[in-house]
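Colleague: Could you work out the structure for the sequence below:
(chains A and B)
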Amino acid sequence: MPTEDTFYGHLQRRGVNRRDFLKFCTVMAASLGLGSGATNQIAEALETKKRLPVIWRHLQECTCCTESFIRTQHPIAADIILNMISLDYDETLMAAAGHHAEAAAQKVMEENKGNYILAIEGSIPTKDDGIYCVLAGRTAVDILKEEAKNAKAIIAWGSCATVGCVQSANPNPTGAVAVQDIIKDKPIINVPGCPPIAEVMAGVITHLLTFERLPELDSQGRPKAFYGHRIHDKCNRRAYFDAGLFVESFDDQGAKEGWCLYKVGCKGPNTYNSCSNLEWNGGLSYPIKSGHPCIGCSEKGFWDNTGGQSLYTHLSDVPGLKIGMNVDTFGAAAVGAAVAGAAVHAGLSAVTKKAHDKAEAGKSNKNSMGG
Amino acid sequence: MKDMNNLTCMKTVYVWELPVRIYHWINALCIVLLMATGLYIGSPVLRPTVVTGDAATVFWMGRAFMWHMAAGYIFVAVYLFRLYWAFVGNEYARSHHWPWQKEFWLEFFDVLLSYLFLKHHKEEHLGHNPVANLAYFGFIMVGSVFMAISGFAMYGELHPNGFFSSFSWVFNIFGPSFTVHMLHRMMAWGIVAFVVVHLYLSLRHDMFARNGTLSSMVSGYKFHCEE
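Modeller: Now for the predicted structure:
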């Protein structure tokens, strides 16, 4: 299949009708928050523009991003979304292997200098010269640097590539870092999540193809359309939060009633993602809806935020303390110490004051006797 | 305790002007309100036996949040006013030395030694002594600013396109939202510890120096008494 083919041309050959094609365009326009006018723009782009050459690298990761991506539930089947781009290299999905696969990656880089998209799944280990992730005899750092050099832009898929995720959790034995820690001179779209939602991934690619520029990003490089809101603010259990009705344990009446999961460690109030509006598996559900607190997988340092303790607590541990102590225990201890200190000081003050007064009295007595 | 009748109060000094006193008490009230609501917001301990009813009829967390924000706005407003008053008020309304000046530390250790019972002072500072100054600088001047900025940054999370979203740089400095919440709470506990020490020391000064430290925050006057 030639790379110059358009997306729509590709679809037609696959027997997808125009109606389904336009449905897909509408869904993408809506989920990107672009309004109905953008549907035509997207359709036109997909009809006329040649497919986007993409090298999709799997570094230190678990492939959950790809697993999520190929499960997108939107009107047109999963493989068609994948074909929106000309996925020239992807270990997981390509037929070629070994030397052929590496040759394909080389070919894309040479033929599309400055025009291809580099998609990175996974973090990059840097300790011990990066030997903890080696592909075709080369380290991940090496590959990333070479392929990023002539890329048009980089998509960092998932929390690994965005902030390091579990690999970079304390004590980070492999020295894992995110793409943005290594590549500084290329536009990077951070798409965090473990994994990101399939529709979010599709949306990012659609935007790149349609407008030939990056979607609007926030200060952390995440597309605003998908990471602009906290899960908390669109949560279906939000009314219970505001009311003050909380699940205390997973088997209590509150859990059965579907109350707020804040007290069993929900990180929804601290997590920016689309889970509570786009939801997962084609809008079927998402963790909180299913009764499990959000673990905040798309947030930086989510493994370490509670001090490496349980994910089912929402009060953070005080950083730097080796013994696990949450911030309230620490604060109450500090206030207790202040009260105790004041009490001791008061006692000492009384004693020294008495001694001082006695000495003064003695002095004045002596004076009067002398006089 | 000695007989108070022997005391002659040589002079009364107008130390705390009315605006300073008003600031002090509004600020104190704000801290109490902010701490009470803040404790509940971070760790809603009231069990379902207290919070009864359903989501349509009760609004505990929502109300706690509302009062927290209201008190926060007032806290910032009186802070700004107090800052202004430091420039136009009397000499006791401002610091004369700062922690980055040598004179500050000379006086500081002098007072610290007396608090550690290593030195005895006859003369009392009428305004803030340097130890108090450092505490106010850390907990009230810098601490309040940190609380306000981190607080408004977290408030901005509710309205990503609103005015307070312009505080989002806070998350790039102090860490993700979760960490900012933690730091905000830790500083709040720090302020409570400060209040404990503040109450104790004002009581102590009132009793030992007998200069009316406690009532001065109501009347404005301190006394210079001798036997």
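
Colleague: List the contacts of residue 197.
Modeller: Answering for chain A, as no chain was given. Shown in contact with residue A:197 (C-beta atoms under 8 Å, 6 or more residues apart in numbering or on different chains): A:68, A:226, A:273, A:274, A:275, A:278, A:279, A:280. For every residue, glycine as well, the C-beta is placed using N, CA and C.

Colleague: wait, chain B
Modeller: If a contact means C-beta under 8 Å, 6+ apart, then residue B:197 has A:338, A:341, A:342, B:135 as its contacts.

Colleague: For the second one, what is the enclosing helix or strand?
Modeller: Under the criterion of DSSP states H and E, residue A:341 resides in helix A:327-370.

Colleague: on that earlier part again, out of the contacts of residue B:197, which are buried?
Modeller: Buried subset of the contacts of residue B:197 (neighbour count, 16 or more other C-beta atoms under 10 Å in any protein chain shown): A:338, A:342, B:135.

Colleague: Was I right to think the second one contacts residue B:200?
Modeller: Yes. With contacts counted by C-beta atoms under 8 Å, residue A:342 reaches residue B:200, the gap being 3.7 Å.

Colleague: what secondary structure does residue A:53 sit in?
Modeller: Assigned by DSSP: H, G, I helix; E, B strand; the rest coil, the conformation of residue A:53 is strand.

Colleague: wouldn't it be in contact with residue A:104 here?
Modeller: No. Counting by C-beta under 8 Å, residue A:53 does not reach residue A:104; the two are 10.7 Å apart.

Colleague: For the two, list the residues in contact with both.
Modeller: Common contacts of residue A:53 and residue A:104 (C-beta under 8 Å, 6+ apart): residue A:88.

Colleague: quick one: which of these two has more around it?
Modeller: Per other C-beta atoms under 10 Å in any protein chain shown, whichever of residue A:53 and residue A:104 has more neighbours is residue A:53, with 22 against 16.

Colleague: Identify the residues contacting that one.
Modeller: Counting by C-beta under 8 Å, 6+ apart, residue A:53 touches A:3, A:85, A:86, A:88, A:108, A:111, A:112, A:115, A:116, A:117.

Colleague: helices or strands next to the helix holding residue A:341 in the packing?
Modeller: Here helix A:327-370 touches helix B:177-208, going by 3 or more C-beta pairs under 8 Å, 6 or more residues apart in numbering or on different chains; DSSP states H and E.

Colleague: Which residues outside the helix or strand following the helix it packs on are in contact with it?
Modeller: Sequence-wise, the next helix or strand downstream of helix B:177-208 (DSSP H and E) is helix B:213-219. Residues from elsewhere that reach helix B:213-219, judged by C-beta under 8 Å, 6+ apart: B:15, B:16, B:21, B:24, B:25, B:202, B:203, B:205, B:206, B:212, B:221, B:222.

Colleague: Could you do stretch A:330-349 as well?
Modeller: A:318, A:321, A:325, B:115, B:117, B:185-186, B:188-190, B:192-194, B:196-197, B:200, B:204, B:208.

Colleague: and those, which are buried?
Modeller: Among the contacts of stretch A:330-349, the ones that count as buried by 16+ other C-beta under 10 Å are A:318, B:185-186, B:188-190, B:192-194, B:196-197, B:200, B:204.

Colleague: who's in contact with residue 183?
Modeller: Defaulting to chain A. Contact analysis of residue A:183 by C-beta under 8 Å, 6+ apart lists A:144, A:145, A:148, A:154.

Colleague: meant chain B, my bad for not saying
Modeller: Residues in contact with residue B:183 (C-beta under 8 Å, 6+ apart) are B:146, B:150, B:174, B:175.

Colleague: From residue A:344, how far out is it?
Modeller: Separation of residue B:183 from residue A:344 (C-beta to C-beta, to the nearest Å): 30 Å.

Colleague: Please flag which of the contacts of residue A:183 sit within strands.
Modeller: Among the contacts of residue A:183, DSSP state E puts residue A:154 in strands.

Colleague: So among the contacts of residue A:183, which ones count as buried?
Modeller: So, by 16+ other C-beta under 10 Å, the buried ones in the contacts of residue A:183 are A:144, A:148, A:154.

Colleague: now, which of these sits nearest chain B?
Modeller: Closest approach to chain B among these (C-beta to the nearest C-beta): residue A:154, at 20.1 Å.

Colleague: per-residue pLDDT, that closest one?
Modeller: Per-residue confidence at residue A:154 stands at 95 (pLDDT).

Colleague: how close does it sit to residue A:57?
Modeller: Residue A:154 sits 10 Å away from residue A:57, going by C-beta to C-beta.

Colleague: anything in contact with each of those two?
Modeller: Counting by C-beta under 8 Å, 6+ apart, the residues touching both residue A:154 and residue A:57 are A:118, A:119, A:120.

Colleague: Where does the second one sit: helix, strand or coil?
Modeller: To tie it back to what came earlier, the one meant is residue A:119. Going by three-state DSSP: residue A:119 is strand.

Colleague: Count the residues that sit near it.
Modeller: Residue A:119: 29 neighbours (other C-beta under 10 Å).

Colleague: OK, contacts around it?
Modeller: A:54, A:55, A:56, A:57, A:154, A:155, A:157.

Colleague: Any idea what it is bridged to?
Modeller: Bridge pairing for residue A:119 (DSSP bridges) gives the partners residue A:56, residue A:155.

Colleague: what's the spacing between it and residue A:68?
Modeller: Taking C-beta to C-beta as the measure, residue A:119 falls 13 Å from residue A:68.
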